[in-house]
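1. got a sequence here, can you build the structure:
(2 chains)
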Amino acid sequence: MAETTTLTGAARYSAGVLEYKKMGYWEPDYEPKDTDIIALFRITPQEGVDPVEAAAAVAGESSTATWTVVWTDRLTACDKYRAKAYRVDPVPHTPGQYFAYIAYDLDLFEPSSIANLTASIIGNVFGFKALKALRLEDMRLPTAYVKTFQGPATGIVVERERLDKFGRPLLGATVKPKLGLSGRNYGRVVYEALKGGLDFTKDDENINSQPFMHWRDRFLYCMEAVNKAQAETGEIKGTYLNVTAATMEDMYERAEFAKELGSVIVMIDLVIGYTAIQSMAKWARKNDMVLHLHRAGHSTYTRQKNHGVSFRVIAKWMRLAGVDHIHAGTVVGKLEGDPATTKGYYDVCREEFNPMRLENGIFFDQNWASLNRLMPVASGGIHAGQMHQLLHLLGEDVVLQFGGGTIGHPMGIAAGATANRVALEAMVFARNEGRDYVREGPEILEAAARHCMPLKQALETWKDVSFNYASTDTPDFVPVATAAE
Amino acid sequence: MRITQGAFSFLPDLTDDQIRAQVQYCIDNGWAVSLEFTDDPHPRNTYWDMWGHPMFDNPDAAALMFELAECRKVYGDRYIRVVAFDATHGWESVKLSFIVNRPPDEPGFQLERHERGGRMMGYTTRSYASDRPAGQRYS
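-> Sure thing, here's the model as predicted:
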């Protein structure tokens, strides 16, 4: 990219309009400090706009700049506070789009506030006229910043210890139909599913407190179901009670009631906003509660590749914010999810350290500095017949949620739950024995179905169901084999 | 009833060959395997009794299978589980746990309800077996 000389002194600060790249927002020689926050944007400049100027403009508008020169800059250590675009690369095979790397000094941000971080990084710049489109692809969060956050209230390890469940994915189901059931009928679904073998059931994102079922009624019936299933199986069970509400006061009231009833987990939706999420994460840590996050609304800004915020960034923010579960895609189910890209999301949730992996959309090394791990949740259009693929693609520390795949079983909800649990245990068992379970998956399931009629019926019912559509959000880099040196 | 704690309770009871294969998988991953037993299978009874220490430097599942046979001789009428512990930083906890021995009869649990005001209910899960003193529960 072309070098641009930053103006200094009187030339820089005389009144008027300057190109952002001449104001100090483009520094191609800049070496990011270990303590800098780095953002990677995909920029699509308008016709005729120089990509370097566009990158500098994003750096400027997401830090100190306004559209014209202001003398009051000189009352500050403005060189430090200016974000610095330091690298602009064309996106491979995508004319008109560029990756812009921008470094921000740590002092630009309030510690432990996602609201403050996002107000800068995605606050103003996405409506910038000089850009056709803008997408925040990834962020590098320095250890000094990560350490200011609580992180997941419970984390994968402690969640497993509390639930006494080790060595296999957890199993859940969302109660269906998602709207309309009375509290009493709703609890019936919870009871059948947990008794049949699931670990969790779940409120859907839009189950709050509606005319057909108010929240207290739901909580009371659900906890009757949880406790009854627990006694009948000798196993700890849970149901994600959605405490999403109009105000923090309402959410705290609902969460307190869930705690009083002995629930091990409560749930919130992404749409409540970053500050509310952080508040609930603090509450969850204080009250020994696992906190499930449903990513309701994310596709409005994560799905299109040229504009918005990548879900990998949302996942990073949510690990900082402190939720314990996050929906992160199924790959094989009904919702958007390219396998390589989804792997990147899962790595963000579960690894202690993410090495740069361009093929999974991970642009930076990221050290999580002992923040707890976040349990990804796979939900939406999955069934028992896919168990080998799910275990292979998503691994062991994941909640697999079969809603329709449990409740839609021809022999009933408990049978559906049993089918899923048997399929899961049989697949983990086969993997541990060293079998080539991905290839032999269908045979392993057939064999398990010989001692489990519900699994046999599930495999017959859903044998031809798959969702094969092209993904919109795919990696820009494909690994190529290189000759060994 | 059949208590469904542990990773493989929904499968038919495991043969010794199957247990050995799972234990070897744990050892090959660098996890320390051990045995624990109890006659109080309450879902929140975290601390089952230990049958010796976790085997930290043991390369072969045969050692655990020997101990399992010994443990069954003494506590064959109780629950016995294999526990695999991973000391890797960031985990430092159990990685796999599964039941390898059950009492011949599992009477299960009673759910006691304590009515409180405002439709609130307090729940207590009580094992029928634990009505009797420790050591006499399943014999």
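2. so how far does stretch A:359-377 reach from one end to the other?
-> Start to finish, the residues bounding stretch A:359-377 are 22 Å apart (CA to CA, to the nearest Å).
3. what residues are up against the residue nearest the centre of chain B?
-> For chain B, residue B:81 is the residue whose C-alpha lies nearest the centre (CA atoms, centre = their mean; 3.4 Å). Contacts here follow CB atoms under 8 Å, 6 or more residues apart in numbering or on different chains; on that basis residue B:81 touches B:5, B:6, B:35, B:36, B:37, B:48, B:97, B:98, B:99, B:100. C-beta coordinates here come from the backbone N, C-alpha and C atoms, glycine included.
4. so which bits of chain B are right by chain A?
-> When proximity is defined by CB under 8 Å from any CB of the partner chain, chain B lies next to chain A at B:1, B:3-5, B:7-12, B:18, B:21-22, B:25, B:41-44, B:46, B:84, B:89-98, B:108-111, B:119-121, B:123, B:125.
5. all strands for the stretch 51-200 of chain A, in order.
-> Remark: strands of the stretch 51-200 of chain A, listed N- to C-terminal, are A:84-90, A:98-104, A:131-140, A:170-174, A:200-202; assignment by DSSP state E, counting those that start in this stretch.
6. check the ones you listed for me and report the most buried one.
-> Between these, the one whose residues have the most neighbours on average, counting mean count of other CB atoms under 10 Å in any protein chain shown, is strand A:200-202 (a mean of 29).
7. average pLDDT across that one?
-> Averaged across strand A:200-202, the pLDDT comes to 97.
8. partner strands of that strand, parallel or antiparallel?
-> strand A:170-174 (parallel), strand A:238-242 (parallel) (DSSP bridges).
9. next secondary structure after that strand?
-> Going down the chain from strand A:200-202, the next helix or strand is helix A:215-233, by DSSP states H and E.
10. which other helices and strands does that following helix contact?
-> For helix A:215-233, the packing partners by 3 or more CB pairs under 8 Å, 6 or more residues apart in numbering or on different chains; DSSP states H and E come out as helix A:183-196, strand A:238-242, helix A:248-260, strand B:109-115, strand B:121-127.
11. nearest to residue A:150, out of these?
-> Among the helices and strands packed on helix A:215-233, the nearest to residue A:150 by CB to CB is helix A:248-260 (16.3 Å).
12. packing partners of the closest one?
-> So helix A:248-260, by 3+ CB pairs under 8 Å, 6+ apart, packs with helix A:215-233, strand A:265-269, helix A:274-286.
13. rewinding a little: of all the helices and strands packed on helix A:215-233, which lies closest to residue A:368?
-> With CB to CB as the criterion, residue A:368 lies closest to strand A:238-242 of those, at 24.4 Å.
14. what about the residue of chain B positioned farthest from its centre, which helix or strand?
-> Computed with CA atoms, centre = their mean, the maximum C-alpha offset from the centroid of chain B is found at residue B:118, amounting to 38.0 Å. Secondary-structure assignment from DSSP H and E places residue B:118 in no helical or strand segment.
15. from residue B:24, how far off is it?
-> Using CB to CB, to the nearest Å, one gets 54 Å for the distance from residue B:118 to residue B:24.
16. chain A against chain B: which residues are in contact?
-> Within chain A, the residues that sit near chain B (CB under 8 Å from any CB) are A:157, A:160-161, A:164-168, A:197, A:220, A:223-224, A:227-228, A:230-236, A:260-262, A:352, A:370, A:373, A:418, A:421-422, A:425-426, A:428-429, A:432-434, A:448, A:451-452.
17. on that earlier part again, buried deepest among the helices and strands packed on helix A:248-260, which one?
-> Of the helices and strands packed on helix A:248-260, the one with the most neighbours on average (mean count of other CB under 10 Å) turns out to be strand A:265-269, with a mean of 26.
18. for that one, packing partners?
-> Applying 3+ CB pairs under 8 Å, 6+ apart, we find strand A:265-269 packed against strand A:238-242, helix A:248-260, helix A:274-286, strand A:290-294.
19. and with 10 Å instead?
-> Secondary-structure packing of strand A:265-269 (3 or more CB pairs under 10 Å, 6 or more residues apart in numbering or on different chains; DSSP states H and E): helix A:155-163, strand A:200-202, strand A:238-242, helix A:248-260, helix A:274-286, strand A:290-294.
20. give me the contact list for the helix ranked longest in chain B.
-> With DSSP state H applied, the helix covering the greatest number of residues in chain B is identified as helix B:61-75. Around helix B:61-75, the neighbours that count as contacts under CB atoms under 10 Å, 6 or more residues apart in numbering or on different chains are B:16-17, B:19-28, B:33-39, B:49, B:51-52, B:55, B:58, B:60, B:76, B:78, B:80, B:82, B:84, B:100-101, B:103, B:135, B:138.
21. give me the buried subset of those.
-> Among the contacts of helix B:61-75, those classed as buried by 16 or more other CB atoms under 10 Å in any protein chain shown are B:19-27, B:33-39, B:51, B:55, B:58, B:76, B:78, B:80, B:82, B:84, B:100-101, B:103, B:138.
22. just the ones of those in strands?
-> Among the buried ones among the contacts of helix B:61-75, the subset assigned to strands under DSSP state E consists of B:33-38, B:51, B:55, B:80, B:82, B:84, B:100-101.
23. which one among those residues gets closest to residue A:146?
-> Taking CB to CB as the measure, residue B:84 is the one of these closest to residue A:146, at 30.5 Å.
24. what bridges to the closest one?
-> Counting by DSSP bridges, residue B:84 is bridged to residue B:33, residue B:96.
25. measure it to residue A:157 for me?
-> According to CB to CB, residue B:84 stands 14 Å off from residue A:157.
26. do residue A:424 as well
-> In this structure, residue A:424 and residue A:157 are separated by 20 Å, where distance is defined by CB to CB.
27. these two: who's more crowded?
-> When residue A:424 is set against residue A:157 and neighbours are counted by other CB atoms under 10 Å in any protein chain shown, the residue ahead is residue A:424, at 24 against 19.
28. and the angle from the strand or helix carrying that one to helix A:215-233?
-> When elements are assigned from DSSP H and E, residue A:424 belongs to helix A:413-432. Helix A:413-432 and helix A:215-233 are oriented at 60 degrees to each other (axes from the mean of the first three to the mean of the last three CA atoms, to 10 degrees).
29. could you identify the helix or strand that succeeds helix A:413-432?
-> Scanning the chain past helix A:413-432 towards its C-terminal end, the next helix or strand to appear is helix A:437-449 (assignment: DSSP H and E).
30. which positions in the helix or strand that that following helix is followed by come out as buried?
-> Toward the C-terminal end, the helix or strand that comes next after helix A:437-449 (DSSP H and E) is helix A:453-461. By neighbour count on 16+ other CB under 10 Å, the buried set for helix A:453-461 is A:454, A:455, A:456, A:457, A:458, A:459, A:461.
31. send me helix A:453-461 as CSV with only the CA atoms.
-> Taking only C-alpha atoms (Å, rounded to 0.1, in the frame of the first residue of the first chain), the coordinates of helix A:453-461 have been written out as CSV:
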residue,chain,number,x,y,z
MET,A,453,-36.4,-49.4,20.3
PRO,A,454,-36.8,-45.6,20.6
LEU,A,455,-33.5,-45.1,18.8
LYS,A,456,-34.5,-47.6,16.1
GLN,A,457,-37.7,-45.5,15.5
ALA,A,458,-35.8,-42.2,15.6
LEU,A,459,-33.4,-43.4,12.9
GLU,A,460,-36.2,-44.5,10.7
THR,A,461,-38.2,-41.3,11.2
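32. run a quick neighbour tally on the nearest residue to residue B:5 once chain neighbours are set aside.
-> Nearest non-adjacent residue to residue B:5, counting by CB to CB, 6 or more residues apart in numbering or on different chains: residue A:235, 5.3 Å away. Using other CB under 10 Å as the criterion, residue A:235 is surrounded by 21 other residues.
33. where does residue A:235 land on pLDDT?
-> The score at residue A:235 is 97. That number is its pLDDT.
34. contact partners for it?
-> Shown here is residue A:235, whose contacts under the criterion CB under 10 Å, 6+ apart are A:163-165, A:194, A:197, A:199, A:229, B:3-6, B:9, B:41, B:43.
35. name the member of the residues you listed with the most neighbours.
-> Going through the contacts of residue A:235 with other CB under 10 Å as the criterion, the one with the most neighbours is residue A:194, at 31 neighbours.
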